[in-house]
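Colleague: 3D, please:
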Amino acid sequence: MKELQIKNLHVSVTTEEQGQNITKEILTGVNLTIKTGEIHAIMGPNGTGKSTLSQTIMGNSAYHITKGDILLNGNSILDMPVDERARQGLFLAMQYPAEIQGITNAEFLRTAINARRSSKNQMGVREFIQELDKNLKLLDMNESMTERYLNEGFSGGEKKRNEILQLLMIKPNFALLDEIDSGLDIDALQVVAKGVNSMRNQEFGALIITHYQRLLNYIVPDVVHIMMGGKIVKSGDAELAKKLENEGYAGLRDELGLDIDLVDEA
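Modeller: Residues are numbered from 1 along each chain as shown. From the prediction side, this is the model:
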């Protein structure tokens, strides 16, 4: 069993406003532990730091850790660059995947897979094609997509399916899924959920960031966390998400007696 632990994490970002650099603290003390075999979900209003958390875990240099630590299997990863974190088993499915010309999906996938393997255990062409065909079928994706440049000209739904294809092929230990349901119709949502659910096993854990209960109807989480004001304020089982859907963040804020502004900052 592997473990990803976030300890008292404080994160700031610096932006330019009216010609001045303004530094703002986004995460104000996040504590979270995810083990392989578990699916966690984080919900919360816009601007509360959900995407900041995922980007920080993956090592985005735009986010500055001022306090706390991120541990993977008991070892701090704060000094690891993004590519090393990926090789250690972390994976980020982004809300807005980038388009990259000159690299086909197939080339990207095989390179990413072998980057995590030793020189003696590289995935051969035949094995790669067999695994790719199996996962394309699972996600109802056309084989021609693998020969297109990475995400170039893809619709929003195609990009999300492509992110899940990468997840299935790379097989990370921990996946950070940042609003993978954003902009998806019900059919695409079901396909994406099918892909994530197929990964559920004792060697895989995930953190799902979402605004909506509907995704959690298809990927039922083991634990739901509510983030407000840059920290996790409440955790529970899947029923917590349903309660939030009915009562809203204002109701939860009042229940917990929190002095937090819920104005949309995104």
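Colleague: any idea how far Asn31 lies from Asn46?
Modeller: 22 Å (Cβ to Cβ, to the nearest Å). Quick note: C-beta positions are derived from backbone N, CA and C, even for glycine.
Colleague: in the protein, which spans are strands?
Modeller: 3-17, 20-35, 39-43, 64-72, 75-76, 90-93, 100-104, 149-150, 174-178, 205-209, 223-228, 231-236 (DSSP state E).
Colleague: Partner strands of the longest one, with direction?
Modeller: Okay, so that is strand 20-35. strand 3-17 (antiparallel) (DSSP bridges).
Colleague: so what's Gly195 up against?
Modeller: Asn135, Leu138, Leu139, Arg161, Ile164, Leu165, Leu167, Leu168 (Cβ atoms under 8 Å, 6 or more residues apart in numbering).
Colleague: Put the buried members of those residues into a PyMOL selection.
Modeller: The PyMOL command for the buried members of the contacts of Gly195 (criterion: 16 or more other Cβ atoms under 10 Å) is given here:
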select buried, resi 135+139+161+164+165+167+168
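Colleague: Can you name the two of the contacts of Gly195 that sit furthest apart?
Modeller: The largest separation in those, counting by Cβ to Cβ, is between Leu138 and Leu167 at 11.3 Å.
Colleague: how about CSV for the strands of the chain, with distance to Ala112 added?
Modeller: What follows is these, written out as CSV (distance: least, Cβ to Cβ, whole Å):
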stretch, distance to Ala112
strand 3-17, 20
strand 20-35, 22
strand 39-43, 22
strand 64-72, 18
strand 75-76, 22
strand 90-93, 9
strand 100-104, 11
strand 149-150, 11
strand 174-178, 13
strand 205-209, 18
strand 223-228, 28
strand 231-236, 31
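Colleague: could you dump those to CSV with mean neighbour count and distance to Val82?
Modeller: Shown next, in CSV, are these (neighbours: other Cβ atoms under 10 Å; distance: least, Cβ to Cβ, whole Å):
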stretch, mean neighbour count, distance to Val82
strand 3-17, 16, 16
strand 20-35, 16, 18
strand 39-43, 24, 21
strand 64-72, 16, 13
strand 75-76, 10, 16
strand 90-93, 23, 9
strand 100-104, 12, 15
strand 149-150, 18, 16
strand 174-178, 24, 12
strand 205-209, 25, 17
strand 223-228, 22, 23
strand 231-236, 17, 24
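Colleague: now those strands in TSV, with distance to Leu252 and mean pLDDT?
Modeller: Below are the strands of the chain laid out as TSV (distance: least, Cβ to Cβ, whole Å; pLDDT from 0 to 100):
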stretch	distance to Leu252	mean pLDDT
strand 3-17	21	93
strand 20-35	17	94
strand 39-43	10	97
strand 64-72	24	97
strand 75-76	32	98
strand 90-93	27	95
strand 100-104	40	88
strand 149-150	39	88
strand 174-178	22	96
strand 205-209	17	97
strand 223-228	6	96
strand 231-236	7	95
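Colleague: Gly89: neighbouring residues, count only.
Modeller: 21 (other Cβ atoms under 10 Å).
Colleague: Identify the residues contacting it.
Modeller: Contacts for Gly89 (Cβ under 8 Å, 6+ apart) come out as Lys2, Leu72, Arg116, Pro172, Asn173, Phe174.
Colleague: Let me have the residues you listed in TSV, extended by distance to Ser61.
Modeller: What follows is the contacts of Gly89, written out as TSV (distance: Cβ to Cβ, whole Å):
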residue	distance to Ser61
Lys2	25
Leu72	18
Arg116	22
Pro172	21
Asn173	23
Phe174	20
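Colleague: which among the residues you listed gets closest to Lys194?
Modeller: Distances from Lys194 to these, taken by Cβ to Cβ, are shortest for Pro172, at 18.1 Å.
Colleague: Dihedrals phi and psi, that closest one?
Modeller: Pro172 adopts backbone torsions of phi -70, psi 170, taken as degrees, to the nearest 10.
Colleague: who are the neighbours in contact with it?
Modeller: Contacts of Pro172 by Cβ under 8 Å, 6+ apart are Ala86, Gly89, Leu90, Phe91, Phe204.
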